[in-house]
Structures are given as structure tokens and as C-alpha cells.
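[1] Sequence and computational prediction follow.
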Amino acid sequence: MKRSHLIVFLALVTLIVSFHMGLRFALIDQQVQLPSIYKRMDSSLFSRDFIFQTAGTFGPRYFVYALLVFLVKLFPVEWLSFVMVLLINFLMLWITYRVTEELFPRVKLAPLLSVVLVGSLGSSIIPIAPIITQEMDPRAMGMPLALLCLWAALRGKPMLSTVIGLIGSLIHPTLLINTMLIAYAGLGLSWLAGLFTRGRVGSQRLVSDFFWIAGSAALFAGVSYMLWMVRYDISGIDNKMLFEMLQFRTPRSYALLAFWGAKRFFLTGLFLIGVFWAWRWWYKDALKDKRDAFIPLGLLAGTVIMLSGGILFVEFIHSRIWLSFDASSGFFILRWIGLIFMARSAAFLIDRSEAEPLSVANAAVLMMGSGPALTAFGVLGHGMETLRRKLTRILNPSALAICLVIGFIFAALLMVGAGSLRDSVALLLSGLAALWFIVIPEKRFRAVVAAAAACALIIVVMAANGKIPGDRLYKTTSLFHQVIKPADAHNLPEDGNKFAAIDDVSLYARNHTAKNALFLTPPFGSHFRFMSLRSIVVDFKGMPATSKGMMEWRHRLEDCYGLSRQLGFSALDDMDRNYHAISRTTLREIRRKYGPDYAFLYADSPAEGLPVLHANKLYRLVDLKPLDEDL
């Protein structure tokens, strides 16, 4: 495909998948990250906030926050976030296209189909480590560099992969360190494959490759150790306690057995079988150097080893090294490599359709999976094609077509029962975009540009009006969403608009309280911190990255919200229920110990007798200073 055609195609798919998923600003992780950026720009902000008092001068996000501060000074943060998300997603799809093009040069449709699958299904199977992002955050900014590391590894260039990995680790250390460990696993497996076929490869090349791989790994380990392990120390907390707090805060990364469950492990295994089947098809194809086929296989094996280590060495042994990693962050590699190979198999079958027309049906099966059902479609599509080839010698074409129709109906029923409607819509729209660029004559490129521009405009307008299904589009600017005015919160709908009510109280606090005021909030207080630009006592998401800060964070949670034996969001729900029923006595103790000036309470909280500064149907803001008279 011509470069101009490729840019338009990737831009169109980027718009489709980005707006379909929903672009987020100041939601979830950004509620913690943006105040950190504002703090670096104005040191007087959050002067009494616990997380900034214990953060220290150096941490894993030191460099990326410095970069974001520089960018925020040049551009409005809302527009910067919006443009960065689109740019990151575009880069992810471009890298996917180029990698597929280099891996499978003889299968012309594979790059287009890989863009469609990765763009549409980048969050399928298990909802962790997505490929396509919805918001600008350090992980999203590091993802293109992580894919570039893998691309360099797939090309057999360990030193280039290492240099990119070291640069990327300045943005997101955990993501890039995990990625590089998996990249070295792929390169190592390729080298071992060459060792067993050294007659064809040559001993001299094997020795050279070994020193390049080992030297690159040693360089990466040494620089990473000096940069992160020496300067960033959490030795003040023992391994078991560190594990318990990390598991409590992020069970999806540190409690894989409980978070995934047997069903998700089974689905992941099924997906790997389908991917291995696709790899075998490629391996049997004519390759100049069979060793090259073992690098992607090594990447998959490295990801599985990393996930297995995340269970053994985190949940049972509590290894400090493994606790420093987020083993689940590498799951995107399994999904990315797998979808690329699925696209290759589907494109390969389409290329053979002139000689074997029925193979197109199996290509469609490989391309139609989404959500949890995606894991079965690799096995189903490859199995149906293998069976078709064997039955061709036995059955006549009509009987064979009937068998394939039955298999196709089964696949459709599986999609209806276990597929994801949201992913399927994105897959359909992206697939139509790919089809348009496949069938359109090159001389009519102007028509392609016009059609792409029209589609992009329609998508933007639909997204701006919330017409595209997907995650809630919450904005704190007029880009897509007008900030609620304080007076409007008194006319909330009967079911209560939670975020509008929080905004209402937060904006009142910003406009009517001192800049150095300290607030007690519900455990989801990061939203209040961002909107009000005021300090808070503690919140669930804001866990500091120092040993002293972690211990203090846990103590504050227990003092303000009570104990919870649950993990993650279940614990957050428990603490929120406790806070909902908070008493005047408990508020007095918190006031004595941590000194909050105000409390952000539920409207029906039993804590009575405190001056109400502002209220709406869901929440009220009260003054805690009168509690001093009770002491």
C-alpha cells in the first residue's frame, strides 16, 4: 500500500476504535496523575495532602511527569490529552502494520487485517493491559516504545531493542522492564533453535549472536539497577507486608489466581492453542531462516513465564524482585502477537480463495471472534480449515459446503452467547474501512480521502453527542462535556448523577475555601482532589511509592474508613459503606489525629450537628472546626 493510502487508512481506523471505546479525561488514573503535574507547576497546591508529603523527590514517574509538565506549559492539558491519545493509538496501529508486513511479506492482506484485529480487539480476552488506550497516562505513553522494543527483537536486533527499552523505562519502568525481559526470552529461544541447527547457521554467527544478546541484557540490567533499584528504595517494608498492600490495592496484578479464576485461565490457554496453531502454519511456510520463527514463539513463552512467575514468586514466595514487577502488564504481548498471527492465517486463507473458495468461510471465522469468545475462534477457525482439507478427499463439494455452513452457524451462535457487542461493532467498522481500501482503485484515491474525511467527521460528531456505545465520556472541559454549574446539582435526576454531584461539591470547595484547606473525603476522593484542587487526608487510589508512605497510607485508610478483608474495588465498596455511616465521634477522632478542616459527607450521613457549607441530593460539605469544642 502506498504511504499516503496507509496514513489515511490508519487514521480512519484510529478514529473508529478511539471514539468507539470512548476518550477519557480526568477519570480513573488521571485523577491521581494530573494533580501531581499541577503540583510541580504550582508548589503551593496540595500543601497538606498526604500523598505529596510522602512522595519523595524521586520515583518511577519522575521523568514522565517532568515531560508532561513541559508539555502542559505549552498546550492546554485537555487538548494535549485528547491529541496524545489519538497519536498513541495511531502509532500502535502503524507499528502493528509494519511488524506484520515484515513478518509475512508474501501475505499481502495480513498487515491490513492485523490493524483491524489489534485496533478492535486490543482489550479482549481479559480486561487488563489493553493495547488501544482511552486516556493519556504514563503506561499509554510507554506502549509505543514497548512495541518498538518488540519490533526490534523480532528483527533480531537486541542492542536496538535495549536502547529503546532504556528510553521507554524513563516513561514507565515496570512496563518496559517486563517487555524487555520477554523480548530477551524471544531472542534467547531463537538462539537456542540455532544451536540445535548450527550446521545450517554456522558456529561463528551463533557466538556473535550470543554476545550481542547477553551483552544487551547485561547493559539493560545494569542501567536499570543503577537508575531504579539504587535510587528508588522501599527496603523499609518487609516482603510479606509489601505483598499484602499491593494485593489489597491492585489484585488484578498481585492476586492473579483470585482475579483471573479458572475460567480466565482456561480461556487464555485456549487462545494460546489457536495462536500456536497459526504459528505452526507460518513455520511450515518457506522461511529463509527457520530461527526467525522462534522469536515470536519466545515472546509468547516469555509472557507465559512472566505470568506464571507472578503467581509463584508473588503470591506464594513473596520475592522482592517479582513484587517490583507487575507481571500482568506483559499480557498485551500475548494478545498483540496472537492477533497478528490470527490475521496472518485469515489473510493466507483469503489469498488461497481462488483455488479453494471454501477457505474464505474459515478465514471469516478467524476474523469474527470478540470478547471472551475470541479465545475459541483461533482453535475453531484453524480446526475447521484443517478438517476441510482432510474431508476434501472424501466428500463432494456440496457435502463439504454443508459441513462448513454447520461450523459457521456454530461460530455465529458462540458469538451471540459469549461475544462482545462493543468489540464486534468496532471490528465491523474497522473491517469495512479495510475492505474499502482493498477494493478501491488507486486512481480514485481522492475519493478515498473524501470518504475517510466524511467518516471521521461523522464519528467525531457522534462521539461528541455520546451516540457511540462504549465507556462513559466524562470531560471536565467544554471539549465534549460542559462542566456542571453548582446550582444545577440541586436538580439532579431521581437516581442521582454521582459524578455531577461530586463536581458540584468540589467546585464549591475550590471557590469558597482556602487554598491550604484539608478535606476528609469518601475513599474515592481522588476525583474531589482533582476537581477542587484541595488537599485530602487519604484516598484509595493514591498509594505512595515509598515504604514509609505505604505504611502511613494503610493506617489512614483504616482510621478513616475502617478495616476491609476484601481486595481491590470490593474493598473500596466496603470502605465506602463504612464512610457512609460515619459518626460524629469518628469524625472527632480523625479531626484530632489528622486535622481536616472540612468533611465531604453523604447527604444522609448520621453525623449531625455540623455546619453545612454546601449540599445537594447526594452529598454535603460540612465544617469540622466545631468538633474542637468536643475535645
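    Great, that's in hand. All values reported here derive from a predicted model rather than from experimental measurement.
[2] next helix or strand past the helix or strand bottoming out on mean pLDDT in the chain?
    Least confident helix or strand, the chain: helix 198-201 with a mean of 54, by mean pLDDT, DSSP states H and E. Once the chain leaves helix 198-201, the next helix or strand it forms, by DSSP states H and E, is helix 203-224.
[3] Residues touching that following helix, excluding its own?
    156, 158-159, 161-162, 165-166, 169, 173, 177, 180, 184, 187-188, 191, 194-195, 198 (Cβ atoms under 8 Å, 6 or more residues apart in numbering). Bear in mind the C-beta positions are built from the backbone N, C-alpha and C, glycine included.
[4] one more time with 6 Å
    The set of residues external to helix 203-224 that reach it, using Cβ atoms under 6 Å, 6 or more residues apart in numbering, is 158-159, 162, 166, 180, 184, 187, 191, 194, 198.
[5] Could you do stretch 532-550 as well?
    Contacts for stretch 532-550 (Cβ under 6 Å, 6+ apart): 32, 45-46, 48-51, 54-56, 59, 234, 236-237, 245, 249, 506, 509-510, 517-521, 523, 525-526, 529, 553, 556, 560, 572, 594, 596.
[6] Those residues in helices, which ones?
    32, 50-51, 245, 249, 506, 509-510, 526, 529, 553, 556, 560, 572, 594 (DSSP state H).
[7] Report the buried members of these.
    Buried members of the ones in helices among the contacts of stretch 532-550, scored by 16 or more other Cβ atoms under 10 Å, are 32, 50-51, 245, 249, 506, 509, 526, 529, 553, 556, 560, 572, 594.
[8] Surely residue 129 forms part of a helix?
    No - under DSSP: H, G, I helix; E, B strand; the rest coil, residue 129 sits outside any helix and is assigned coil.
[9] Quick check: pLDDT value at it.
    If you check residue 129, the pLDDT there is 76.
[10] That one and residue 330: what is the separation?
    Residue 129 sits at a distance of 7 Å from residue 330 (criterion: Cβ to Cβ, to the nearest Å).
[11] In helices, which of the contacts of helix 203-224 appear?
    158-159, 162, 166, 180, 184, 187, 191, 194, 198.
[12] Just name the lowest-scoring one in those residues, pLDDT-wise.
    Minimum pLDDT across these falls on residue 198, with 53.
[13] Skip the chain neighbours and tell me the closest residue to residue 415.
    Distances taken as Cβ to Cβ, 6 or more residues apart in numbering put residue 373 closest to residue 415, at 5.5 Å, once the chain neighbours are dropped.
[14] what number of residues lie near the one you found?
    23 (other Cβ atoms under 10 Å).
[15] Of the contacts of helix 203-224, just the buried ones, ChimeraX syntax please.
    To isolate the buried subset of these in ChimeraX, counting by 16+ other Cβ under 10 Å, use the following:
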select :158,162,166,180,184,187,191,194
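[16] Farthest-apart pair in the contacts of helix 203-224, please.
    Within the contacts of helix 203-224, 166 and 198 form the most distant pair, 31.2 Å apart (Cβ to Cβ).
[17] pLDDT weak spots in the stretch 101-250 of the chain?
    124-127, 197-202, 229-236 (pLDDT under 70).
[18] Which elements pack onto the lengthiest helix in the chain?
    Counting by DSSP H, the longest helix found in the chain is helix 256-284. Packing partners of helix 256-284 (3 or more Cβ pairs under 6 Å, 6 or more residues apart in numbering; DSSP states H and E): helix 331-351, helix 374-391.
[19] Determine which stretch of those is the most buried.
    Highest mean neighbour count of the helices and strands packed on helix 256-284: helix 331-351, a mean of 25 (counted as mean count of other Cβ atoms under 10 Å).
[20] Contacts for the helix or strand following that helix, please.
    Toward the C-terminal end, the helix or strand that comes next after helix 331-351 (DSSP H and E) is helix 359-367. Contacts with helix 359-367, where a contact means Cβ under 6 Å, 6+ apart, come from 342, 345-346, 349-350, 352-353, 380-381, 384-385, 404, 408, 411.
[21] Of the residues you listed, which is the nearest to residue 426?
    Nearest member of those to residue 426, counting by Cβ to Cβ, is residue 342, at 15.7 Å.
[22] From residue 225, how far out is the closest one?
    38 Å.
[23] Not counting its neighbours along the chain, what's nearest residue 277?
    With Cβ to Cβ, 6+ apart, the residue lying closest to residue 277 is residue 382, at 4.1 Å.
[24] So the one you found versus residue 174, what's the distance?
    34 Å.
[25] and what of residue 159?
    The gap separating residue 159 from residue 174 is 22 Å, by Cβ to Cβ.
[26] next one: residue 151
    20 Å.
[27] got it, and residue 402?
    52 Å.
[28] So those two - more neighbours on which side?
    Higher neighbour count among residue 402 and residue 174: residue 174, with 20 against 11, using other Cβ under 10 Å.
[29] Now do that one against residue 611, distance only.
    Residue 174 is 45 Å from residue 611, by Cβ to Cβ.
[30] wait, is residue 599 part of a strand?
    Yes - with three-state DSSP as the criterion, residue 599 is part of a strand.
[31] Tell me the confidence at it?
    Value for residue 599, per-residue pLDDT: 94.
[32] wait, what's in contact with it?
    Counted by Cβ under 6 Å, 6+ apart, residue 599 has contacts 520, 622, 624.
[33] Distance check, the last one against residue 137.
    Here the distance between residue 624 and residue 137 works out to 33 Å (Cβ to Cβ).
[34] same question, residue 60
    Taking Cβ to Cβ, one finds residue 60 at 13 Å from residue 137.
[35] what comes into contact with whatever helix or strand comes next after the longest helix of the chain?
    Next helix or strand after helix 256-284 toward the C-terminus (DSSP H and E): helix 294-309. Here helix 294-309 makes contact (Cβ under 6 Å, 6+ apart) with 154, 182, 185-186, 189-190, 193, 279, 322, 327, 330, 333-334, 337.
[36] what angle do helix 294-309 and helix 331-351 make?
    Using axes from the mean of the first three to the mean of the last three Cα atoms, to 10 degrees, the inter-axis angle of helix 294-309 relative to helix 331-351 is 140 degrees.
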